[in-house]
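Trainee: fold the following for me, if possible:
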Amino acid sequence: MSKPFRLKAGFTLMEVLAAMTLLALVLPVVMKGISLATILASDSAKKTVAAELAENRLLEALLLEEWKSSSGKGDFGTEYPGYNWTMTTSQRTEAGLKQIDLAVTWKQRGYEREILLTTLVYEVQE
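Mentor: Numbering: from 1, shown residues only. Next up is the predicted model:
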């Protein structure tokens, strides 16, 4: 009795070349997408930290009445290196109303970034 004819399992050269061509086209696009997502996640994280620092510093300035001086600047110490703040106070046209601007700046990818918080404070005249 003769053995039945069996097909050999495997890929043809054309199938391998087609798969490699598809990978060569898709892989760079996928890698660029991953790179872009990583950059955007880093930007978002730093912006979130800056917003939290600005909010906390503004609240501290309001509680300690540091806003009564015309301006101030500083950093956030060794815990948040590279983040700096600047606070300016300006008189509004309405009597007793002052505007406080607090900017937090940091460097990211060679550019200086900034978040600005603004609030109004009523100063009681005695």
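
Trainee: other SSEs contacting the helix or strand containing L116?
Mentor: L116 belongs to strand 111-122 when assigned by DSSP states H and E. Helices and strands touching strand 111-122, by 3 or more C-beta pairs under 8 Å, 6 or more residues apart in numbering; DSSP states H and E, are helix 13-63, strand 97-108. Quick note: C-beta positions are derived from backbone N, CA and C, even for glycine.

Trainee: give the contact list for R92.
Mentor: R92 makes contacts with 98-99, 120, as judged by C-beta atoms under 8 Å, 6 or more residues apart in numbering.

Trainee: er, A50 actually
Mentor: With C-beta under 8 Å, 6+ apart, A50 has these contacts: 83, 104, 106, 113, 115.

Trainee: nearest to V30 among those residues?
Mentor: R113 (28.3 Å; C-beta to C-beta).

Trainee: I'd like to know how many residues surround that closest one.
Mentor: 15 (other C-beta atoms under 10 Å).

Trainee: before we move on, what about G77?
Mentor: If you count neighbours by other C-beta under 10 Å, G77 ends up with 8.

Trainee: what of the one 4 residues further on?
Mentor: By the measure other C-beta under 10 Å, the count of residues near P81 is 9.

Trainee: how would you label it: helix, strand or coil?
Mentor: Under DSSP: H, G, I helix; E, B strand; the rest coil, P81 falls in the coil class.

Trainee: who wins for most neighbours among the contacts of R92?
Mentor: That'd be K98 among the contacts of R92, by other C-beta under 10 Å, with 17 neighbours.
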